[in-house]
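K.L.:
Return atomic coordinates for the entry below.
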Amino acid sequence: MKSSISIIMNCKNGEAYLKKSISSAISQTYKNWELIFYDNCSKDSSASIAKSFRDKRIKIFHSKVPLTLYKARNEAIKLAKGQYITFLDTDDFWKKQKLNLQIKYLKKEKLKFCYTNFHYQLRNKKKLHIKTKKKVINTQSLLDDYNIGILTVMVEKKILLQNKFNNKFNIIGDFDLFIKLSEILKIGYIHKPLATY
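P.N.:
You can find the predicted model right below:
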C-alpha cells in the first residue's frame, strides 16, 4: 500500500495564486494525498476558490481567531491523517513528480526528512535557489548556508507532532525547527528543483 501524504496549506488572504498552487497539488503523479487547507481568518475569496475544486482529498478548515503563521501550521498538522507531511503555501507551486520522487527517496535512503532544490520566480525570470550540489547536510552546514525551502520539505508526521513549530514566530519558525531537527535526524537532499517559490 502506498504511504499517505498530508499537504499542509496555511492560508491568509492568499487568493492571488491559489488556483495555480492547488492545481499543482492535484496534478501530482503520486495520488495518495490529502490537502489540509487551513484558512486563518481570510477576508478574500480564498476559501471559495479551495471549495471550487470539488476534490474529496481537499479538506477545508477555518480558524475561529487569527493565529500566528506557525501556530496555524501546528494546528493544521494536528488535523493531518497522512504518514508524511509536506507544505505548500498559497503562492508556491510544485512540479508533477515532486511527491513521487520524495517518497521514493525517503524509503530508499531510510530517512524521515528530506528537502529539494527549488526555483525563485522573480517576475518573468526563474532563478535556481541552491547552486552547488551539497553532499553533507548537517546542523553546521545549514548554519553556514541555510537553504531549506519549506515548500520542498517532506517529513514523517510523528516527528512534527513531537517537535512543533514555535507559535511565537511569524517568519523564522521553519528555520528554528529544522535546525533543531538537524541535530537529531539525518536530513536528505534531492538536487533536482521540484518546486517554485
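K.L.:
wait, what's in contact with the closest residue in space to Lys127 that isn't next to it in sequence?
P.N.:
Among residues not flanking Lys127 along the chain, Tyr120 sits closest, at 4.6 Å (CB to CB, 6 or more residues apart in numbering). C-betas here are computed from N, CA, C, even on glycine. Tyr120 is in contact with Lys126, Lys127, Leu128, His129, Thr196, Tyr197, counting by CB atoms under 8 Å, 6 or more residues apart in numbering.
K.L.:
quick one: strands adjacent to the helix or strand of the chain with the lowest mean pLDDT?
P.N.:
Of the helices and strands making up the chain, the lowest-confidence element is strand 125-128, at a mean of 87, by mean pLDDT, DSSP states H and E. Strand pairing for strand 125-128, using DSSP bridges, gives strand 113-122 (antiparallel).
K.L.:
so how far is the strand it pairs with from its chain's centroid?
P.N.:
Put simply, strand 113-122 sits 10 Å off its chain's centre (CA atoms, centre = their mean, to the nearest Å).
K.L.:
OK, contacts around the most centrally placed residue in the chain?
P.N.:
Relative to the mean C-alpha position of the chain, the nearest C-alpha, by CA atoms, centre = their mean, is the one of Phe87, at 1.5 Å. When contacts are counted by CB under 8 Å, 6+ apart, Phe87 touches Ile7, Ile8, Met9, Arg73, Ile150, Leu151, Val153.
K.L.:
ok, it to Lys12 distance?
P.N.:
15 Å (CB to CB, to the nearest Å).
K.L.:
again with Ile184
P.N.:
On the measure of CB to CB, Ile184 and Lys12 end up 31 Å apart.
K.L.:
Which of those two has more residues huddled nearby?
P.N.:
Lys12 (18 against 12; other CB atoms under 10 Å).
K.L.:
Surely that one touches Asn40?
P.N.:
Yes: assessed by CB atoms under 8 Å, Lys12 is found in contact with Asn40 at 4.3 Å.
K.L.:
got any residues that touch both of those two?
P.N.:
Counting by CB under 8 Å, 6+ apart, the residues touching both Lys12 and Asn40 are Pro66, Leu69, Ala72.
K.L.:
Would you show me how to pick out the buried ones of those in ChimeraX?
P.N.:
Selection of the buried residues among the shared contacts of Lys12 and Asn40 in ChimeraX, burial being defined by 16 or more other CB atoms under 10 Å:
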select :69,72
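K.L.:
Just name the closest of the shared contacts of Lys12 and Asn40 to Lys180, please.
P.N.:
Taking CB to CB as the measure, Lys180 lies nearest Leu69 of the shared contacts of Lys12 and Asn40, at 17.6 Å.
K.L.:
what sits against that closest one?
P.N.:
Asn10, Lys12, Asn40, Phe169, Asn170, Ile171, Gly173.
K.L.:
Equivalent analysis for Lys133, please.
P.N.:
Counting by CB under 8 Å, 6+ apart, Lys133 makes contact with His191.
K.L.:
what ranges do the strands span in this protein?
P.N.:
5-11, 33-39, 58-62, 84-87, 93-94, 113-122, 125-128, 154-156, 188-196 (DSSP state E).
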